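1. No letters, just coordinates:
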């Protein structure tokens, strides 16, 4: 008898018919003899609707109350899902984040899980129930209701799988798995059967929207095997597993597993910064103090005692960022601040590039042959990212997908 | 500095504009220097919508999950109400039934309050907050989420007022108070300034829909002064207080305070029952075992060793009741079972009738002069009820209201 955590996103439980279909799948899993812990998001667009309602009341709703409000969404979906499971003949019980023992810090609207005290869930499982847990929510060390931020239900599922030592964590969504590129951009993109935690992390960080970044970090840190799959086709999807498991299976790691892209950020450049110790620190501390989430940072080698520093920030933070930077540009004797909102980032991700030199060169050559200018470059051991003009992004993705022959397994 | 509990029903918080208006009233109360505990119901028809959703999933939804589902409604309204109060400049915190320490028994969908552990509320008040509590819900001794049944938010408010020793419990609703009769039936019906707990209990039990019966019992048993008033006009409404307080104020109790009516029940008659000890007990035990809520019971004097027993039950239970009675009619050698669904009950209620003989006679004469036939009669010390044909109910109410001169104070 295995213990399986099954997580269903909002589109999977969007209406009563979908809820009944999901219940059938859960009941079938249970009847095969497995213990099942279900994590569920709010139905469809419920969370968006609640956010809109809050903004009808207040332009900046109180964070504690926002969490109280939003957690009503999973309460509805999990209660209905339990009713559907019970209607199909299997016992089921729902649990709020608090009842499930998901203890978080006190940072409302983006709390971090500190501990999972799963005694009640274990008792409910031992009594033969399917236990259904509200995703995205917990209870703080101050006994207040908290939420984990968008994508938090994935984190709930992975954290419960770790705490309960589940055999697998199945993330059901509206796509059939992790692809070599976004199929809307590259129709011949291929579903990956297996991907390593590190690759999945790089993909999630550079535009792959299948799994929330934090849930992948949690899975890697706790060794939780994750299976991303569709609740519409129920076909096997993509397994996210450790490097060790990939090696045990004797699979050679692909040089490149996928091409990702992201057009949600803008580029900011601080020109002619004096090349002295502490200058960059002052700039980025100023941004951190304003809670601006800086992503990619590139500094060129210094010429004649001055250098340009470029970085990317979310579009929503651009105006705020420029204001902060202009306040500091004089201060650090920079020549000025420029920005470009119409950029995008294209990345190639693959664990195999560690042992295959020349991958970056192939990427740059491919972009050059398409006449695409590269504005920024950054790399990790298993990723190369280029910032290009937003208008060139899709063409770059298609060209890279073809250059690395990702359409063929 | 007084402590006031203010309860707002679903129509009072039906949309964002209503929520803002209610918040203004709460903030004004707070700024006059009073401590305020707010109890709030779900917005408008939310609860009905959730019940419908549950029935889309299952014809008989699991009670534990029904409670989990329905309690999402107050979570939404109380979070939004707090946001609105905070937006207007006063600190506020919302609390679920569980967080507010409302401990109930384990009877899902109609739990009874066992205890109120209001430490968190007291702390929140001491910190200067308006504390907003979800009505209608609690946490069971098994740590499950429970609801108190329809009208439960009134009970939450009165119970909190008792536990916190509040100076008053204000019940805001969509009517301006308790009337001498339903103003839709008697346009000249008058709002009562004061009414005693006992009168309010009899009115609630016989068709007055302003306060839930259980909340009035609770208020009487704990001496909680209740003020029923409108959240649309904000005018003073009706105070529900103890007999002692009415006496202290030197108010002479009216002979009749109001006329109520109720057309939600049907009449069942068991004919020619042998007049032996234990026969009635067997009949009503059989109904109790089926959880059928019998209301008015009348047995005439015996003639020739046989008697007729009549009683009323809610229309929804009529078919079930007839089935149970027919099973037992032979058993107890009764001649048969008849029923009449087209009946209604008209009642006059007044604490003064205890010391004024002839009130019942006036009622019967009034109905006779209107040509209305009386099918059943029952009385308490401060109430006389008559069952009449449903078609005669409104005419009976108008005639009684006039006969007892209730239109003039």
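-> Looks like it arrived, so ask away. Since the model is a prediction, treat every value here as computed from it, not as a measurement. Numbers count the residues shown, from 1 in each chain, chains lettered A, B, ... in the order given.

2. any idea which helix or strand carries residue A:332?
-> For residue A:332, there is no helix or strand it lies in under DSSP states H and E.

3. burial count for the closest residue to it other than its chain neighbours?
-> For residue A:332, ignoring the flanking residues on the chain, the nearest one in space by C-beta to C-beta, 6 or more residues apart in numbering or on different chains is residue A:279 at 5.3 Å. (Glycine included, C-beta is placed from N, CA and C.) Close neighbours of residue A:279, defined as other C-beta atoms under 10 Å in any protein chain shown, add up to 20.

4. now swap in residue A:59 and tell me
-> If you count neighbours by other C-beta under 10 Å, residue A:59 ends up with 8.

5. got it, and residue A:91?
-> Around residue A:91 there are 15 residues (other C-beta under 10 Å).

6. What's the separation between it and chain B?
-> 9 Å (C-beta to the nearest C-beta, to the nearest Å).

7. Hmm, that residue is touching residue A:131, no?
-> No: using C-beta atoms under 8 Å, residue A:91 makes no contact with residue A:131, being 9.9 Å away.

8. Can you name the residues of chain A that neighbour chain B?
-> Within chain A, the positions adjacent to chain B are A:16, A:19-20, A:50, A:53-54, A:56-58, A:61-62, A:64-66, A:68-69, A:71-73, A:75-76, A:78-80, A:82-84, A:86-87, A:92-94, A:96, A:98-99, A:120, A:143, A:145 by C-beta under 8 Å from any C-beta of the partner chain.

9. how close does the residue of the stretch 201-350 of chain A found nearest chain B sit to residue A:99?
-> Residue of the stretch 201-350 of chain A nearest chain B, by C-beta to the nearest C-beta: residue A:231 (16.9 Å). Distance, residue A:231 to residue A:99, using C-beta to C-beta, to the nearest Å: 25 Å.

10. And for residue A:227?
-> Noted for residue A:227: a distance of 26 Å to residue A:99, by C-beta to C-beta.

11. Ok, residue A:280 next?
-> Relative to residue A:99, and taking C-beta to C-beta, residue A:280 is found at 47 Å.

12. Near residue A:127, how many other residues are there?
-> Around residue A:127 there are 10 residues (other C-beta under 10 Å).

13. which one is it nearest to, not counting chain neighbours?
-> Setting aside the residues directly before and after it, residue A:127 is nearest to residue A:91 in space (C-beta to C-beta, 6+ apart), at 7.7 Å.

14. Quick one: residues contacting the one you found.
-> A:127, A:128, A:129, A:130 (C-beta atoms under 8 Å, 6 or more residues apart in numbering or on different chains).

15. mind listing what the second one touches?
-> For residue A:128, the contact set (C-beta under 8 Å, 6+ apart) comprises residue A:91.

16. low-scoring stretches of chain A, by residue?
-> Applying pLDDT under 70 to chain A flags residues A:250-253, A:302, A:409.

17. Next one: the most centrally placed residue in chain A from residue A:148, what distance?
-> Nearest to the centroid of the C-alpha atoms of chain A, with distances taken as C-alpha atoms, centre = their mean, sits residue A:212, at 1.9 Å. Separation of residue A:212 from residue A:148 (C-beta to C-beta) stands at 9 Å.

18. same thing with residue A:35?
-> 24 Å.

19. next one: residue A:393
-> Following C-beta to C-beta, the distance that separates residue A:393 from residue A:148 is 30 Å.

20. ok, these two, which is more surrounded?
-> residue A:148 (28 against 21).

21. can you map out the strands along the stretch 1-150 of chain A?
-> Ranges of strands in the stretch 1-150 of chain A, per DSSP state E, counting those that start in this stretch, are A:3-8, A:35-40, A:92-95, A:102-104, A:113-116, A:130-134, A:137-140, A:145-147.

22. export these to a markdown table and tack on mean neighbour count?
-> Listed next are the strands of the stretch 1-150 of chain A as a markdown table, based on neighbours: other C-beta atoms under 10 Å in any protein chain shown:
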| stretch | mean neighbour count |
| --- | --- |
| strand A:3-8 | 25 |
| strand A:35-40 | 28 |
| strand A:92-95 | 27 |
| strand A:102-104 | 25 |
| strand A:113-116 | 17 |
| strand A:130-134 | 28 |
| strand A:137-140 | 25 |
| strand A:145-147 | 29 |
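
23. Turn those into a markdown table, columns for distance to residue B:160.
-> Shown next, in a markdown table, are the strands of the stretch 1-150 of chain A (distance: least, C-beta to C-beta, whole Å):
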| stretch | distance to residue B:160 |
| --- | --- |
| strand A:3-8 | 37 |
| strand A:35-40 | 32 |
| strand A:92-95 | 26 |
| strand A:102-104 | 28 |
| strand A:113-116 | 32 |
| strand A:130-134 | 26 |
| strand A:137-140 | 22 |
| strand A:145-147 | 20 |
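
24. Taking the stretch 101-250 of chain A, what residue is nearest to chain B?
-> residue A:143 (7.0 Å).

25. Just want to check the distance between the closest residue to that residue other than its chain neighbours and residue A:148.
-> Among residues not flanking residue A:143 along the chain, residue B:99 sits closest, at 7.0 Å (C-beta to C-beta, 6+ apart). Per C-beta to C-beta, residue B:99 is found 19 Å from residue A:148.

26. and what of residue A:214?
-> 8 Å.

27. For the two, list the residues in contact with both.
-> Common neighbours of residue A:214 and residue A:148 (C-beta under 8 Å, 6+ apart) are residue A:155.

28. show me where the stretch 301-409 of chain A has helices.
-> Assigned by DSSP state H, counting those that start in this stretch, the helices in the stretch 301-409 of chain A fall at A:318-329, A:359-369, A:393-403.

29. ok, and what's touching stretch A:197-211?
-> Applying C-beta under 8 Å, 6+ apart, the set of residues contacting stretch A:197-211 from outside is A:151, A:154, A:171, A:173, A:175, A:177-178, A:182, A:195, A:212-213, A:216-217, A:219-220, A:226, A:228, A:238, A:240-243, A:257-258, A:260-262, A:264, A:345, A:347, A:349-351, A:380, A:382-383, A:385.
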